[in-house]
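1. sequence plus the predicted model coming up.
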Amino acid sequence: MTRIGIILGSTRPNRNGEQVAHWVLEVASRRHDASFELLDLRDYPLPHLDEPLPPSLGQYQNEHTRQWAAKIASFDGFVIVTPEYNHGTSGVLKNAIDYLYAEWNNKAVGFVSYGGTGGARAVEHLRLVAGELQMADVRQQVALSLMTEFENFSVFKPGDYNLPALNTMLDQVVAWSTALAPLRDTAGAAAA
């Protein structure tokens, strides 16, 4: 079965992303076409990128990198839940992405963002990064405004009108993750 990781891209105290990621997981878990798992970056406390060699070489020196690489390699695609900080994604998420290369290749990615403008600029930032990592970013995005989807900017209360966008994005991530399997298989055979 296709495996999709839902990456919670914030580690801040009182982060809004935790509520959002659990909502995504709850909705996704109702599906029968893929399995979904939440990946909280708090569980992978990576220091600022500290590998001596470029990630594209895949010669990881540190145990924390090898653990992160093994986890990311185990998935066929991803949904990234990202805040928007200063017109971009969070530093901790960008750092976690930058640690690896081949583990991201030929996998689909969709985005659920939140912020003052729904996190749209953070996703545009991440789409550029995804292209460099040979990921297929899907068109549908879920953009959640702090003004309308969060009571007092902190209690997540999504309107049901967000469900069609979320379900479409999940459809696309699962479909593209499945379609890219032959490329992942070919790349894995070449590396062996």
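-> Everything's here; your move. Residues are numbered from 1 along each chain as shown.
2. please report the distance of Asp171 from Asp33.
-> As judged by Cβ to Cβ, to the nearest Å, Asp171 and Asp33 stand 8 Å apart. In short, each C-beta sits where N, CA and C put it, glycine included.
3. which one's the longest helix in the protein?
-> helix 163-179 (DSSP state H).
4. identify the bridge partners of the spatially most central residue of the chain.
-> Nearest to the geometric centre of the chain sits Ile80, at 2.4 Å (Cα atoms, centre = their mean). Following DSSP bridges, Ile80 is listed with bridge partners Ile7, Phe111.
5. tell me who's in contact with it.
-> By Cβ atoms under 8 Å, 6 or more residues apart in numbering, the contact set of Ile80 is Ile7, Gly9, Leu93, Val109, Gly110, Phe111, Val112, Leu126.
6. how close does it get to Gly5?
-> From Ile80 to Gly5 the distance is 9 Å (Cβ to Cβ).
7. residues touching the longest strand that the chain contains, excluding its own?
-> Longest strand of the chain, by residue count under DSSP state E: strand 136-145. Strand 136-145 has contacts (Cβ under 8 Å, 6+ apart) with 20, 24, 106-120, 123, 126-127, 130-131, 150, 156, 158, 162, 165-166, 168-169, 171-173, 176, 180.
8. can you mark which positions in it are buried?
-> Residues of strand 136-145 classed as buried by neighbour count (16 or more other Cβ atoms under 10 Å): Ala136, Asp137, Val138, Gln140, Gln141, Val142, Ala143, Leu144.
9. spatially nearest residue to the second one (excluding sequence neighbours)?
-> Excluding the flanking residues, the one nearest Asp137 by Cβ to Cβ, 6 or more residues apart in numbering is Ala130, at 4.5 Å.
10. where's that neighbour, which helix or strand?
-> helix 120-132 (DSSP states H and E).
11. name the helices or strands packed onto that helix?
-> Packing partners of helix 120-132 (3 or more Cβ pairs under 8 Å, 6 or more residues apart in numbering; DSSP states H and E): strand 77-83, strand 108-115, strand 136-145.
12. part of a strand, is Ala96?
-> No - per DSSP: H, G, I helix; E, B strand; the rest coil, Ala96 lies outside any strand segment and is helix.
13. residues near it, how many?
-> 20 (other Cβ atoms under 10 Å).
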